[in-house]
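Chemist: Task: produce atomic coordinates for the following.
(chains A, B, C and D)
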Protein chains: 2
Amino acid sequence: MTTAAGTEEKIKAAAREIFLKKGFAATRTRDIAEHADINIALLNYYFRSKEKLFQQIMMETLSTFFGSLLQIFMDRESALQTKFEQCASQYIDLIKQQPDIPMFILSELRAQPEAFVQSIAGNARLKDLVIYEQIVAEMDEHQQKAFDPVHIMINVMSLTLFPFVARPMLQTIGAVNPSEFDDLMEKRKQLIPQWIMEMLK
Amino acid sequence: MTTAAGTEEKIKAAAREIFLKKGFAATRTRDIAEHADINIALLNYYFRSKEKLFQQIMMETLSTFFGSLLQIFMDRESALQTKFEQCASQYIDLIKQQPDIPMFILSELRAQPEAFVQSIAGNARLKDLVIYEQIVAEMDEHQQKAFDPVHIMINVMSLTLFPFVARPMLQTIGAVNPSEFDDLMEKRKQLIPQWIMEMLK
DNA sequence: ACCTAATTTAATCATTTGTTTAAATTAGAT
DNA sequence: ATCTAATTTAAACAAATGATTAAATTAGGT
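Modeler: Prediction:
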């Protein structure tokens, strides 16, 4: 009856939850096994080692995180402001569902800078992105390269992601109420594109 | 000759370096002892436990990080834009010297949300800060509360801190060159206050 | 020089943790 | 029903890790 019935996926689901919440070092294989309600040995049976399992989770998470982004950034049809709107909107929705993703990627990427380079970078260079060209064009129109266009890319990510990363800190210092956080982020879907467009003028 | 000659401080210095770089869970007491060039037992002799030592490092780091900020935020004399300029400038300088501080605080605060609440929060509520009043006043002048003033506080921190937190990621995706990162951040001392002031209009 | 308390060291302990082993159980084919 | 390979389990292992102990050494006062 109950054999191999999605055991592998059960382990991955548990691993994903715990790795994303606590990071690689603070995660115990026994925690994962308990959460998945399986014998500890099964983890190694299916995934060889804690590290292999972690890498698989990381790969999939990176793919989820950067996948949709690249599509938006490469779209030749959409206008620049539309891209900012899609970017903010999609990311805020995604991270609302899985709030641990950004911090997980950022902290684990710091711990192992080399391991996942090609998983992310793939082939696309920043300056080959359509959005980058559009930013340069927009800046040239209003001002003559007052600053590096990379600042804009950094700012989009900063304004979108940082609130989630800093949520525990913001709540601790009493900057935001737990209940109103979601409302704030919902509002930012609209605000961030406006702010960014202003920066280009 | 060499006895107690700053042994305690030697341990703390090593602990600070490693805790800040790798976090609590990934840090081994033996690493600290080796780095400090002392016997492992001395760590427990002076600090009782790994956790106690960690808490002490965390307290001091929080103090360093939030200390200067509160002064700027409470200054009744300085103008709003000046505050933004001081804030960006001071933080970028501080974090250039100790780049691991923001990520350390953010990740460890997520791991132990309760432990350091009062260490940070102290007494000051966000809405009692002088800077908050000034933001509200400035917003009232130009627009009638188009959005929550908290967004502005969040944005200052986002634009200032996120690039440091995301540096490994930004470098991995090839968004920034390691050598040009410092220049970018130096330029942001000037840019961030400008961007923020624009948001208020 | 001697004594006492503080500091340092080497060795060891008890637990935790990732992994493996070998046996038991189950699923699916013949 | 029987056989085989895949899956699952209980038990144990080896290494790592935080902590402790008891002896050795050192510093500073008398």
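Chemist: Contacts (any at all) between DNA strand C and the longest helix seen in chain A?
Modeler: If you go by DSSP state H, chain A has its longest helix at helix A:50-74. Yes - using C-beta under 7 Å from any atom of the strand, helix A:50-74 comes into contact with DNA strand C via A:K50, A:E51. The C-beta positions use only the backbone N, C-alpha and C, and glycine is treated the same way.
Chemist: Residues in contact with that helix: which ones?
Modeler: A:11-12, A:15-16, A:19-20, A:24, A:27, A:29, A:32, A:43, A:47, A:78, A:83, A:86-87, A:90-91, A:94, A:101-102, A:104-105, A:108, A:115-116, A:119-120, A:122, A:124, A:129-132, B:173 (C-beta atoms under 8 Å, 6 or more residues apart in numbering or on different chains).
Chemist: PyMOL command to pick out the buried ones of those residues?
Modeler: The buried residues among the contacts of helix A:50-74 can be selected in PyMOL (16 or more other C-beta atoms under 10 Å in any protein chain shown) with this line:
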select buried, (chain A and resi 11+12+15+16+19+20+24+27+29+32+43+47+78+83+86+87+90+91+94+101+102+104+105+108+116+120+129+130+131+132) or (chain B and resi 173)
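Chemist: and chain A, what are its domains?
Modeler: A:1-48, A:56-200 (automatic domain parsing).
Chemist: which residues of chain A fall in helices?
Modeler: A:7-26, A:29-36, A:40-47, A:50-74, A:80-97, A:101-111, A:117-121, A:130-142, A:150-165, A:167-172, A:181-199.
Chemist: With mean pLDDT added, can I get these in a markdown table?
Modeler: Shown next, in a markdown table, are these (pLDDT from 0 to 100):
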| stretch | mean pLDDT |
| --- | --- |
| helix A:7-26 | 98 |
| helix A:29-36 | 98 |
| helix A:40-47 | 98 |
| helix A:50-74 | 94 |
| helix A:80-97 | 97 |
| helix A:101-111 | 95 |
| helix A:117-121 | 67 |
| helix A:130-142 | 94 |
| helix A:150-165 | 97 |
| helix A:167-172 | 90 |
| helix A:181-199 | 97 |
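Chemist: Select, out of those helices, the one closest to B:E186.
Modeler: helix A:150-165 (11.9 Å; C-beta to C-beta).
Chemist: what angle do that closest one and helix B:181-199 make?
Modeler: 80 degrees (axes from the mean of the first three to the mean of the last three C-alpha atoms, to 10 degrees).
Chemist: okay, the angle between helix A:150-165 and helix A:80-97?
Modeler: 20 degrees.
Chemist: Return the alpha-carbon coordinates of helix A:150-165 using PDB.
Modeler: Only the C-alpha atoms of helix A:150-165 are listed here, as PDB (Å, rounded to 0.1, in the frame of the first residue of the first chain):
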ATOM      1  CA  VAL A 150      23.200  49.400 -12.900                       C
ATOM      2  CA  HIS A 151      22.000  51.500 -10.000                       C
ATOM      3  CA  ILE A 152      18.500  51.200 -11.400                       C
ATOM      4  CA  MET A 153      18.600  47.500 -11.600                       C
ATOM      5  CA  ILE A 154      20.000  47.400  -8.000                       C
ATOM      6  CA  ASN A 155      17.200  49.700  -6.900                       C
ATOM      7  CA  VAL A 156      14.400  47.600  -8.300                       C
ATOM      8  CA  MET A 157      15.700  44.600  -6.500                       C
ATOM      9  CA  SER A 158      16.400  46.600  -3.300                       C
ATOM     10  CA  LEU A 159      13.000  48.200  -3.100                       C
ATOM     11  CA  THR A 160      11.200  44.900  -3.900                       C
ATOM     12  CA  LEU A 161      13.200  42.300  -2.000                       C
ATOM     13  CA  PHE A 162      14.700  44.100   1.000                       C
ATOM     14  CA  PRO A 163      11.400  44.500   2.900                       C
ATOM     15  CA  PHE A 164      11.000  40.800   2.900                       C
ATOM     16  CA  VAL A 165      14.600  40.100   3.900                       C
END
